[in-house]
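> Okay, here's the prediction I keep looking at, along with the sequence it came from:
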Amino acid sequence: MTKLTVNGREHDISSAPDTPLLYVLRDELVLNGAKFGCGLGQCGACTVVVDGTAVLSCVTPLLLVAGKSVTTVEGLGTAHEPGPMQRAFMQEQAAQCGYCIPGMMMCAHALLQNNPRATDAEIRTALQPNLCRCGTHMRILRAVRRAAETMRTAQAPASARGAVP
Amino acid sequence: MRSMPSLVLSRRKVLAGTGALVMSFASAPSLLLRATEGQGSPPLPGSLKQSPYLDSWIRIAADGRITVLTGKVELGQGVKTALLQIAAEELDVPLETITLVTADTGQTANEGFTAGSRSMHDSGTAIQNAAAQVRALLLDQASQQLGVTVDQLRTEAGAVIAPDGTRRSYGELVGAEMLHVEAQPRSVLKDPKGFKVIGKPIPRIDIPAKVTGGTAYVHDLRLPGLLHARVVRPPSYGARLVEVNAAAVEKMPGVVKVVRDGNFLAVVAEREFLAIKAMRALAASARWQETAKLPKQDDFASLLLRLPAQDSVIFEEHGAPAAAGKKLEASFTRAYQMHASIGPACAVAKLEDGTLTVWTHTQGVYPDRAAIAQMLHLPPERVRCIHMEGAGCYGHNGADDAAADAALIARALPGRPVRVQWMREQEHAWEPYGPAMVGKARAALDANGRVANWEYEVWSNTHSTRPGGAGSLLAARDFGEAFAEPAPKPLPLPDGGGDRNAIPLYKFPNARVVHHFIPTMPVRVSALRALGAYVNVFSIETFMDELAQAAGVDPVEFRLQYLEDARARDVISVAAERFGWTSAKALPRGRGRGFGFSRYKNYAAYCAVAMEVEVARESGRVRPIRAVAAVDSGQVINPDGLVNQVEGAIIQSMSWTLYERVSFDERRITSIDWSTYPIMRFDAVPESIDVHVIDRPGQRFLGSGECGQGPAAAALGNAIANAIGQRLRDLPLSRDRIKAAMPV
Amino acid sequence: MTGRLIALLVALVLILLVAAAFAVAWKPAIAPVAPPQAASFDQALVRRGAALAEIGNCIACHTAPGGKTLAGGRALPSPFGTIFSTNITPDADTGIGSWPGEAFQRSMRQGVDRAGRHLYPVFPYDHFTLLTDDDNRALYAYPMTREPVRAQTPANELRFPFNIRIGLAAWKLLYLHKGPYQPDRSRSDAWNRGAYLVEGIAHCGACHTPRNGLGAERRGELLASGEAEGWTAYALNQASPAPVPWDARALAFYLKNGWHEAHGISRGPMAEVTQSLASISDSDVGAMATYIMSVMGEPSAERRKRGEAALAEARKNAAGATESSGDSETERGGANNDGAGAAIYASACAVCHDGERALPFGGIHFALSTEMYGPNAKNLINVTLFGLPGAEGEQSPIMPGFADALGDDELSALVSYLRRRFSDQPQWNDIDQDIRAAHSGRRPVAIHPTHVALPDDASQRGKP
């Protein structure tokens, strides 16, 4: 059993230590947020936040995250009570098929936690590992900028941290 | 303002075999021009033609709950929201109270494929008319119950209201069989001036689940007792499985079964990662005999010109003979390009009590059902295909094949639901690609610099190998029975396949367009967003630029000289004006601007794109700076949804146009991941994209999901040519080609 | 620390020397000219200059990240402070537009700018001095026919006394051996051409030759391993650590295509070098390889054997490794440091690096990786932490970085495990220190995409 904190809740994980975090999240913890895109760390669809930094869960085995704290898009809020990042993506209608979006959001979330005043260039650089095929890029950039503004003005550390209380 | 597409085309000579073109334009209903013609019985609008019963589209329960059904599917294009807007508008009920059921062979009408930007035209039209007629029936009923004439009643929020304020909810009014009646050809539709829901940027109903980790995709469907399967695909087309050590893999922990049937090989496990490990072990122990012989990757153009072709003249116009003037000629090519969805194909299937249920992100649940039923020798009613969303679609990708994989594996494990997801390299290597194409254009200018003669020829494989029969499915070709791949067919005009948009909308005194359909398919191909229109519009619009240059006329002005269609002229003018188009003012060295236009399929949405790019001379690297588009999609249902689609089309087209070509060696596809098939990333997307919508209240809904692809490619290519002073005609316009084209 | 002390002592001596040498140090300004018209240059000359500029990789240093080509402003860190590359576009005020050809030639041959100021040898005129007058004329034609860009070069940030340019005259007295290149008649034409390119415009030694306390390449240690932008530039002499010995063919292939099946792919600053060499003629790249191989010499029988063993291991069907070694090693994992490294390798690395998929897009089998045999773990650490970014819109290897997933201890366990498993060399000493320096950003590491080319005969097909 491996201990893992996911979205604020501690779990005893039964998956083998070599299991990529992605399958622990999707298969064992029944979370939909992280997506399988390539399994090679090339597309970013599986991005989650581990101890404050964006991590590609498809190439990160469980044994590297044991005891750490993982945040997935489910940890940013719910459809009824969306967090600032989710609200920004809804307001900007920043999705087409949406498959890449949770990865984008987690990548942006990690960026803004560390750099709340990220410039447009910094946002693009941070999102560089993440692919979108529908061409929603302009909206994603707008949504991340909007989320940054909301987080800065809200000055509400609890909601900005995005963890479920 | 009336749309007059038939004017442009029907008075021209359209040759035998494409007579349907005239028919289809002449008969296309203009929704709001109802009851204007007195002839016999006009056909039913949209998909009501195929499924005329009103309750195939709209059901109202006694408690007032309203269900709207569509045979179309959500692909991330926002169709669910748009259809709900239409239903809510015509029914006069709040949008959020309607339940929408999308394509499900157990519930919805058969609307074929969700493709070709036809959803609004087919399903939107059907639902709009059905809703209007349902509302009329409810009004009649209320009139009888309340003893008030219909014209004194009004509807609001799911109820009929009498002048004295008496309310009768739809649930109270609806009778058991009231909606089980055939639709009438004509409906009394609402006046667009009074629209409250149509034309509004209603937030998409699918987005909340997508941004919060809800069950948004078939990938997220977790049925009780779910098993995970992975397929081991052959290393190359047609490879035969010689031997495999299934027994050793079946002993691995968590492995439930290895399914081997002929060359079809799959493994099923209790957990997903165990299935992947077992798949790797199974693949490692498998020995294949490979027979594929692929053409030389960079030689496809000469191959296409060599292969036997079925030639048809699809357009001919003879006017005044051409006076002597400049003659221009150009060849265009496009390499194989792929859909490259971010999420590999996935499906869930379950065989229970002799009925197979398949949850799939296919674009066509009915055709998929027919193919799967044929593959498994089941009567179609024993197979139910239910659509759930997948990752972006953009045409015929691995979705149908994954559904067939799941069906075949589920058959081996009755009672257990089986989820199959393809690996990245499987999606890349096995999805059917957008076909390689060649276009050749010739034109003559007269002494005044006007186009006197225009000729265009296009060479292409088919643009659809969709199911079809079982042989369209990879699994059915691989497993014991080995269904043969159906013979490819060209897609008929006016939609067309390789010849989609091959006929210019511009009016030239002499013109001739030839389609060379090539049945032999060296590489697996099928429908990729916009089909041949991407290449044909790129070719036509590039050539128009070359002609404008030869004539010494501004490219935008030159286009307008040959367009009579007022709506076409409008999108061009709006795009040019919002862009600040002027060829008078030179851009800084290294910068260029370009323009592109088309009316998709010559009968759907109008789209014009202007673009500015910067080309780094030393590296050949292109940086799109900004794009401005104008789109006329007829009556707009959801303007933000439309803008989102066109923005996406522009960026996707930039990626196709600058980077993308499928690579292969003499035997295998070698574009098998993002490293070997790179697409556009954030560092390359432009600074801004502005899309301007020209609303046409009351006009037909025009498909627009694919309208931006061709114009964006043309604008980009023309901007590059403007920046570097050299014309590139081979897609992709890659860095190495640009570098090679430029003087040192 | 000692290096810095020595540097300071030498610096004092230098100041004295500067004073004494002032008379010889002074260089006159060359009168400015109106920028010549681009059209005034012969196209063939420009093409030749462009090819030389590619071999010299001029654009890489003279272009700031995301900046205009050749407009300078790229920060070049050195032990003495940061120097900014200059604008060499033909802009008259901020570039070299006002430089006549003789000023350009003097800068290449003597390291002096048009105004007569001594240039810092980060501009490697100790190599460029070898260029012939003819080649200098061709090379001059290249920047002078580019777009002029107005871009003021930022002021250098050098510590005293290194900010006193006149001191450079003394440096030159000691270390600048003025060209042009004198051919060695006892050697083949190819060798001489290679030596001319490698020692001259290509300035390979700038990274691959170790430097002394004053930043000069050590004369006696030609191509004996140096440093560049946080990376170790491996030895290209007899001490080459490559597990499979290089030969001229493999080296030429690598230089031109950015990868070789028995050696892996170029990355870090070398990725920029192979990208620009991609367009160079086969004969020039072949000549460079010929010369470098003469410096490397014949491999010993022992090295040959080691190379064959490495190739055999990499070619062995590693298919079983993924699932069997994965499981067993994972289960062993955690008990001690070695087990942890093995478990990380099996679960995070092996899936791409087990040799199933061929180079350049598959991960290299570590038995073939020079990193495992290198004098330190820096390059292995760099790649593991920061990965390989894809080249924009071009087929190129991509590796995700593990900087955010791997803790320093975990990376240390992994690195020492890999050294032990895949090389026969003693364990590295400074692993933890090197990890901390790179991970914390104290040792800045340049990351560049690798542009690879696939010649027709190069099979990149892995196992199905």
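Ah, there it is.
> Now the residue most central in space within chain A: closest residue in space that isn't a chain neighbour?
Closest residue to the average C-alpha location of chain A: residue A:106 at 2.1 Å, with CA atoms, centre = their mean. Of all residues not flanking residue A:106 in the chain, residue A:47 sits nearest, at 4.6 Å (CB to CB, 6 or more residues apart in numbering or on different chains). C-betas here are computed from N, CA, C, even on glycine.
> contacting residues around the one you found?
By CB atoms under 8 Å, 6 or more residues apart in numbering or on different chains, the contact list for residue A:47 reads A:34, A:54, A:55, A:56, A:57, A:102, A:103, A:104, A:106, A:107, A:129, A:130.
> do residue B:659 as well
The neighbourhood of residue B:659, defined by CB under 8 Å, 6+ apart, consists of B:678, B:679, B:680, B:732, B:734, C:392, C:393, C:394.
> ok, back up a step: contacts only, for the residue nearest to the centre of chain A.
Residue A:106 makes contact with A:33, A:47, A:48, A:49, A:54, A:71, A:72, A:73 under the criterion CB under 8 Å, 6+ apart.
> Kindly report the same for residue B:589.
So residue B:589 contacts residue C:147 (CB under 8 Å, 6+ apart).
> which bits of the stretch 51-200 of chain C sit near chain B?
C:59, C:69, C:70, C:145, C:146, C:147 (CB under 8 Å from any CB of the partner chain).
> can you do 10 Å?
The stretch 51-200 of chain C has residues C:51, C:53-54, C:58-59, C:63, C:66, C:68-70, C:141-142, C:145-148 near chain B, with proximity defined as CB under 10 Å from any CB of the partner chain.
> contacts with chain A among those, please.
residue C:66.
> which of the residues of the stretch 51-200 of chain C next to chain B are buried?
C:51, C:53-54, C:58-59, C:63, C:68-70, C:141-142, C:145-148 (16 or more other CB atoms under 10 Å in any protein chain shown).
> Drop everything from those residues that is not in helices and list the rest.
Of these, the ones assigned to helices by DSSP state H are C:51, C:53, C:54, C:58, C:59, C:141, C:142.
> Output those residues in TSV; the columns should cover pLDDT.
Conversion of those to TSV gives the following (pLDDT from 0 to 100):
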residue	pLDDT
C:51	95
C:53	97
C:54	95
C:58	95
C:59	94
C:141	98
C:142	97
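> Need those in JSON lines (columns: distance to residue B:236).
Putting those into JSON lines (distance: CB to CB, whole Å) gives the following:
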{"residue": "C:51", "distance to residue B:236": "40"}
{"residue": "C:53", "distance to residue B:236": "42"}
{"residue": "C:54", "distance to residue B:236": "37"}
{"residue": "C:58", "distance to residue B:236": "44"}
{"residue": "C:59", "distance to residue B:236": "40"}
{"residue": "C:141", "distance to residue B:236": "49"}
{"residue": "C:142", "distance to residue B:236": "46"}
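> returning to what we had before: so which of the contacts of residue A:47 are in strands?
In this view, the contacts of residue A:47 that belong to strands under DSSP state E are A:54, A:55, A:56.
> Ranking by neighbours, what's the top pick from the residues you listed?
Highest neighbour count within the ones in strands among the contacts of residue A:47, by other CB atoms under 10 Å in any protein chain shown: residue A:56, with 32 neighbours.
> which residue sits closest to the residue in the stretch 1-150 of chain B positioned nearest to chain A in space, ignoring its chain neighbours?
Nearest residue of the stretch 1-150 of chain B to chain A: residue B:76, at 3.1 Å (CB to the nearest CB). Spatial nearest neighbour of residue B:76, excluding adjacent residues (CB to CB, 6+ apart): residue A:97 at 3.1 Å.
> Can you report how many residues lie near that neighbour?
29.
> which bits of the stretch 551-700 of chain B sit near chain A?
Checking the stretch 551-700 of chain B against chain A by CB under 10 Å from any CB, the hits are B:627, B:638, B:640-641, B:643-655, B:673-675, B:678-691.
> Now the buried members of those.
B:627, B:638, B:640-641, B:643-655, B:673-675, B:678-682, B:684-686, B:689-691.
> where are the low-confidence patches of the chain?
Went with chain A since none was named. Flagging of chain A using pLDDT under 70 yields the residue ranges A:155-165.
> I was after chain C.
C:1-3, C:17-24, C:317-338, C:457-464.
> and the residue of chain A found nearest chain C, what is it in contact with?
Residue of chain A nearest chain C, by CB to the nearest CB: residue A:41 (2.8 Å). The neighbours of residue A:41, taking CB atoms under 10 Å, 6 or more residues apart in numbering or on different chains as the test, are A:47, A:55-60, A:129, B:674, C:348, C:352, C:387, C:398-402, C:405.
> rewinding a little: out of the residues of the stretch 51-200 of chain C next to chain B, who's nearest chain A?
Closest approach between those and chain A, by CB to the nearest CB: residue C:66, at 8.2 Å.
> which ones are touching that closest one?
Contacts of residue C:66 by CB under 10 Å, 6+ apart are A:121, B:683.
> Next one: it from residue B:621, what distance?
Look at residue C:66 and residue B:621: by CB to CB, to the nearest Å, they are 12 Å apart.
> ok, which residues in the stretch 151-300 of chain B are in contact with chain A?
Near chain A, when you scan the stretch 151-300 of chain B using CB under 10 Å from any CB, you find B:201-204, B:206-217, B:219-222, B:226, B:228, B:253-254, B:270-277.
> Out of those residues, list just those in strands.
When DSSP E defines the strands, the subset of those inside them is residue B:228.
> Filter the residues of the stretch 151-300 of chain B next to chain A down to just the buried residues.
B:202, B:204, B:206-214, B:216-217, B:219-221, B:226, B:228, B:254, B:271-277.
> just those that are near chain C?
When CB under 10 Å from any CB is applied, the members of these adjacent to chain C are B:276, B:277.
> What segments of the stretch 151-300 of chain B are helices?
Assigned by DSSP state H, counting those that start in this stretch, the helices in the stretch 151-300 of chain B fall at B:170-173, B:207-212, B:246-250, B:272-285, B:300-306.
> How far away from the center of its chain is the fourth one?
Think helix B:272-285. Put simply, helix B:272-285 sits 34 Å off its chain's centre (CA atoms, centre = their mean, to the nearest Å).
> Narrow the contacts of residue A:41 to those in strands?
A:47, A:55, A:56.
> would TSV of the residues you listed with distance to residue B:125 be doable?
Rendered in TSV, the data for the ones in strands among the contacts of residue A:41 read as follows (distance: CB to CB, whole Å):
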residue	distance to residue B:125
A:47	41
A:55	48
A:56	45
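> and which of those residues is nearest to residue B:136?
Nearest to residue B:136 among those is residue A:47, at 51.4 Å by CB to CB.
> List the beta-bridge partners for that closest one.
As for beta bridges, residue A:47 partners with residue A:56 under DSSP bridges.
> Now do the contacts for the residue of the stretch 1-150 of chain B closest to chain A.
Listed by CB under 10 Å, 6+ apart, the contact partners of residue B:76 are A:95-99, A:133-134, A:136, B:204, B:206-207, B:210, B:216, B:389-394, B:644-645, B:648, B:705.
> Tell me which helix or strand it sits in.
Taking DSSP states H and E as the definition, residue B:76 sits outside all helices and strands.
> can you check the one 5 residues further on too?
When elements are assigned from DSSP H and E, residue B:81 belongs to helix B:79-91.
> Quick one: mean pLDDT for the helix or strand just after that helix?
Note on helix B:79-91: by DSSP H and E, the next helix or strand toward the C-terminus is strand B:98-101. Here strand B:98-101 scores 97 as its mean pLDDT.
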